[in-house]
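1. got a sequence here, can you build the structure:
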Amino acid sequence: MSVVFLLLTASITVAALFLGAFLWSVKHGQYDDEDSPPLRMLFDDKPSPTSTNKE
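-> Residues are numbered from 1 along each chain as shown. As a prediction, the model looks like this:
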């Protein structure tokens, strides 16, 4: 029965760490950019002049 309490404590600790990391990332603005990701896929990257295929 002590193993159940040990695993329960470990799982709650890991969940609290993930929740803390998520809240830290939200507080520091990791999810603020909502405009550019949908628009970024619409623009093609220009090919670089050094990437030519010479066969």
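2. can we go C-alpha only for contacts and neighbour counts from here?
-> Fine.
3. low-confidence ranges, the chain, go.
-> Counting by pLDDT under 70, the chain contains low-confidence ranges at 47-48, 51-55.
4. and the helices in it?
-> Secondary structure of the chain (DSSP state H): helices located at 2-27, 36-40.
5. of the ones you listed, which is nearest P49?
-> helix 36-40 (21.6 Å; CA to CA).
6. looking at the helices of the chain, which is buried most?
-> Of the helices of the chain, the one with the most neighbours on average (mean count of other CA atoms under 10 Å) is helix 2-27, at a mean of 11.
7. re earlier: make CSV out of the helices of the chain and add distance to P49.
-> Formatted as CSV, the helices of the chain follow (distance: least, CA to CA, whole Å):
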stretch, distance to P49
helix 2-27, 38
helix 36-40, 22
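8. among those, which is nearest T50?
-> Taking these one by one with CA to CA, helix 36-40 is closest: 23.3 Å.
9. okay, that closest one in PDB with CA atoms only?
-> The C-alpha atoms that make up helix 36-40 are tabulated as PDB, following Å, rounded to 0.1, in the frame of the first residue of the first chain:
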ATOM      1  CA  SER A  36       1.800  35.500 -37.800                       C
ATOM      2  CA  PRO A  37       1.700  31.700 -37.700                       C
ATOM      3  CA  PRO A  38      -1.500  31.500 -39.900                       C
ATOM      4  CA  LEU A  39      -0.100  34.100 -42.300                       C
ATOM      5  CA  ARG A  40       3.400  32.600 -42.400                       C
END
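10. sounds good, over and out.
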